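Q: turn this into a model:
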Amino acid sequence: MPPHEIDGTGQHHSHHHRHASGGPGERSLRIGVGGPVGSGKTTLVGALCTLLRDELSLAVVTNDIFTTEDADALRAAGVLPIERIAAVETGCCPHTAIRDDIAANLDAVEELEARLGDVELTLVESGGDNLTAIFSKGLVDAQIFVLDTAGGDDVPRKGGPGVAQADLLVINKTDLAPYVGSDVERMLADAIERRSGKPVLPASIRSPEGAAAIADWVRERCRAWHGSRVS
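A: Reported below is the predicted structural model:
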């Protein structure tokens with residue numbers, strides 16, 4: 001996806017011009033991971049790091065409002081060397097820092113990529129938010145939105161920008177559906193209906209292997225972004 005100078009709100013921000021200076025193949029592919037609280041974003045990021053770290057040079061930026069808890073959890077799990085994981089304390093609603101005023105996140109991404117020097121894929125994890133949360137195109141090149149069955153099987157039907165506009169929608173915790181009264185097939189059908197052909201994947205990310213199909217999607221995005229540099 002080519003970078004743009006207008007974010008998801010339709011507003012111009014001067015710091016977006018830094019993003020526009022590097023396009024496909026010239027810098028890291030940046031993928032945002034968003035979704036409601038407890039949907040499994042951090043677990044997905046950790047799984048993707050585990051599945052892809054032997055073939056791609058990775059970096060991660062996490063967002064929490066007042067803590068560095070998600071970054072600390074990823075560091076403790078050893079999914080990447082600790083110097084490849086950075087934390088942003090937003091001090092505000094999560095969507096603000098990924099959509100409306102992206103300066104802190106963009107600074108963290110660019111500093112991390114510059115310091116490491118060899119990054120091919122940067123994952124930016126949003127703090128837990130609602131169905132309106134989408135990333136500015138000045139911050140990321142593609143975005144994954146994560147829902148879970150415990151949040152209710154009517155959520156995909158209700159839609160919203162996160163469900164409708166994300167490049168990939170993940171319906172997580174399918175293994176819990178029988179215990180929370182959710183119909184996975186209904187969730188998938190409702191999501192597909194609202195996404196104009198963009199992909200939807202069911203998942204149960206209890207281990208990294210549960211994110212294998214999502215990792216395949218990320219690999220394809222990396223190949224398209226970097227071309228022959230990524231095998």
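Q: helix, strand, or coil at Met187?
A: Three-state assignment for Met187 (DSSP: H, G, I helix; E, B strand; the rest coil): helix.
Q: which SS class is the residue nearest the centre of the chain?
A: The centroid of the chain falls nearest to Val33 when counting by CA atoms, centre = their mean (1.5 Å). Reducing the assignment at Val33 to three states with three-state DSSP gives strand.
Q: go on, Ile192?
A: Ile192, by the three-state scheme (three-state DSSP), is helix.
Q: put the alpha carbons of stretch 32-41 into PDB.
A: Extracted in PDB, the C-alpha atoms of stretch 32-41 (Å, rounded to 0.1, in the frame of the first residue of the first chain):
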ATOM      1  CA  GLY A  32      -0.700  -1.900  12.600                       C
ATOM      2  CA  VAL A  33      -2.500  -4.400  14.900                       C
ATOM      3  CA  GLY A  34      -5.700  -3.000  16.500                       C
ATOM      4  CA  GLY A  35      -8.800  -4.200  18.200                       C
ATOM      5  CA  PRO A  36     -10.800  -4.100  21.400                       C
ATOM      6  CA  VAL A  37      -9.400  -4.700  24.900                       C
ATOM      7  CA  GLY A  38      -8.700  -8.400  25.400                       C
ATOM      8  CA  SER A  39      -9.200  -9.500  21.800                       C
ATOM      9  CA  GLY A  40      -5.700 -11.000  21.600                       C
ATOM     10  CA  LYS A  41      -3.500  -8.200  20.000                       C
END
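Q: do you know how far Leu139 is from Cys92?
A: Noted for Leu139: a distance of 15 Å to Cys92, by CB to CB, to the nearest Å. All C-beta atoms are positioned from the backbone trio N, CA, C, and that covers glycine.
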